[in-house]
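[1] Sequence below, structure please.
(one chain, ligands or ions: 2)
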Amino acid sequence: MVQPLRIAPSILSADFARLGAEIAAVDEAGADWIHLDVMDGHFVPNITFGPQFVAHARPATQKHFDVHLMIAPADPYLEAFAAAGAETITVHAEAGPHLDRSLQTIRDLGKRAGVALNPATPAVAIEHVLDRLDLVLVMTVNPGFGGQAFIPAMLEKIAQVKAMIAGREIDIEVDGGITPDTAGDVARAGANVLVAGSAIFKGGTSAYAGNIAAIRTAAEAARGESC
Ligand code: DX5
Ligand code: ZN
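    Ligands and ions are numbered 1, 2, ... in the order given. Below is the predicted model of the structure:
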């Protein structure tokens, strides 16, 4: 089963004062999903927003809401993010002692369950939860900020995750430093959901469609080669 290619703009790089318009603009510009980065100033050294913000963003688009929780603990907030309109909820493998329980909770809430792996976390962290998973997020930078440089060593981890999921219908997502220059490499390694913040939200609203298309074209070309 080949998972579809999806480009997911991260609103971390959007103008929060114009949130609804920014989301509508990337929707119209060809985004497949909208990626929302939740940070708590504890698990990561930055603070963004919570479930109420997600709920306020929700009416701006019909597109899939992909909520990336960089918070610890995550369990007490899963229900609130589900109620706010998240469709995929991703927790970090490093965020708590009971990953299996967190994933069960997300699915019990009727949502798709994801696990994120920090750059230093080995792929094997997901080995025993594969059947509870809809998405694996391989962080290609250390989480916390937009605009950081892609870590090339993550290409090997993407390939390892691809081998581990062995044809299951699980998305492999990458997040951090994704540009038209890195999109081909991550797609070739096996990633099918490409998150990008600074590479999409640049150049003003009129540039968004071209920015998304450049990432998509690079990823599609690489996927074509490997078929
Ligand atoms: C980083 C966040 C990312 C961030 C990516 O911790 O999880 O989603 O927005 O930003 P870029 O694409 O600029 O590296
Ligand atoms: Zn993210």
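[2] what does the chain put close to ligand 2?
    Contact residues, the chain versus ligand 2 (C-beta under 5 Å from the ion): Asp37, His68, Asp175. Any C-beta I mention is one placed from the backbone N, CA and C, and that applies to glycine too.
[3] Export these to a markdown table and append columns for secondary structure.
    Shown next, in a markdown table, are those (DSSP: H, G, I helix; E, B strand; the rest coil):
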| residue | secondary structure |
| --- | --- |
| Asp37 | strand |
| His68 | strand |
| Asp175 | strand |
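[4] Report all helices and strands that the helix or strand encompassing Leu137 contacts.
    Here Leu137, judged by DSSP states H and E, is contained in strand 135-139. Packing partners of strand 135-139 (3 or more C-beta pairs under 8 Å, 6 or more residues apart in numbering; DSSP states H and E): strand 88-92, strand 112-117, helix 154-165, strand 171-175.
[5] Spell out whether the second one and ligand 1 are in contact.
    This points to strand 112-117. No. Taking C-beta under 6 Å from any ligand atom as the criterion, strand 112-117 and ligand 1 are apart, separated by no less than 8.2 Å.
[6] what's that strand packed up against?
    When contacts are defined as 3+ C-beta pairs under 8 Å, 6+ apart, strand 112-117 packs onto strand 64-70, strand 88-92, helix 99-108, strand 135-139, strand 171-175.
[7] Next: the third one.
    Where contact means 3+ C-beta pairs under 8 Å, 6+ apart, helix 154-165 is packed against strand 135-139, strand 171-175, helix 180-189.
[8] And ligand 1, is the helix or strand just after the longest one touching that?
    Looking back up the chat, that one is helix 180-189. Per DSSP H and E, the first helix or strand lying C-terminal to helix 180-189 is strand 193-196. Yes. Interface with ligand 1: strand 193-196 contributes Val195, Ala196 (C-beta under 6 Å from any ligand atom).
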